[in-house]
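Chemist: okay, structure incoming, though there's no sequence with it:
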């Protein structure tokens, strides 16, 4: 059974709230008075932004994982059907929100080892940031 789509009316506010709660410089804790995003908000933000990535870069060549909240397959190319995909990108939710918003560049995340990417097509730099998150980021 396919997961229900998250509407922009729900996803964009959740993404904005999650983005407000994270900071590139301190891994999500910046010492400000901004509240941390609760688990439900962060889950919705991650799932909505992954959904937008999959819509923007349709395909099944790369699996993007943001545990424990979600995973999608994207990027055009050979379809993966069994076992561990040959192209996998995995990161924590804070890193994903920062990448999706443009607050963190792909190259910076890779250099800082905040993203684990394997496979010849496991480079999301052309797809990030996801500008159509209704101005939620950069």
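Modeler: It's in. This one's a predicted model, so the numbers in the text were calculated from it and none came from an experiment.
Chemist: report the contact partners of the residue most central in space within the chain.
Modeler: Nearest to the geometric centre of the chain sits residue 96, at 3.7 Å (C-alpha atoms, centre = their mean). Residue 96 makes contact with 46, 49-50, 66, according to C-beta atoms under 8 Å, 6 or more residues apart in numbering. (Each C-beta comes from the backbone N, C-alpha and C, glycine too.)
Chemist: from what I can see residue 56 touches residue 132, true?
Modeler: Yes: counting by C-beta atoms under 8 Å, residue 56 does reach residue 132; the two are 7.1 Å apart.
Chemist: give me the number of residues near the residue nearest to residue 74 when sequence neighbours are not counted?
Modeler: If the residues on either side of it in the chain are set aside, residue 74 comes closest to residue 57, at 4.3 Å by C-beta to C-beta, 6 or more residues apart in numbering. Residues within reach of residue 57, counting by other C-beta atoms under 10 Å, total 20.
Chemist: contacts only, for residue 57.
Modeler: 74-76, 127.
Chemist: just checking, next helix/strand downstream of the helix or strand where residue 51 lies?
Modeler: Residue 51 belongs to helix 39-56 when assigned by DSSP states H and E. Toward the C-terminal end, the helix or strand that comes next after helix 39-56 (DSSP H and E) is strand 62-66.
Chemist: hmm, who's touching that following strand?
Modeler: Against strand 62-66 from outside (C-beta under 8 Å, 6+ apart): 46, 50, 53, 71-75, 77, 80, 85, 87-93, 96, 119, 121-122, 124.
Chemist: again, only this time at 7 Å
Modeler: With C-beta atoms under 7 Å, 6 or more residues apart in numbering as the test, strand 62-66 has contacts from 46, 50, 53, 71-75, 85, 87-91, 93, 96, 121-122.
Chemist: this structure: strands as residue ranges?
Modeler: Along the chain, the segments classed as strands by DSSP state E run 62-66, 70-74, 88-91, 115-118.
Chemist: deepest of those, which one?
Modeler: Ranked by mean neighbour count, the strands of the chain are led by strand 62-66 with a mean of 23 (mean count of other C-beta atoms under 10 Å).
Chemist: what angle sits between it and helix 39-56?
Modeler: The directions of strand 62-66 and helix 39-56 differ by 170 degrees, with axes from the mean of the first three to the mean of the last three C-alpha atoms, to 10 degrees as the criterion.
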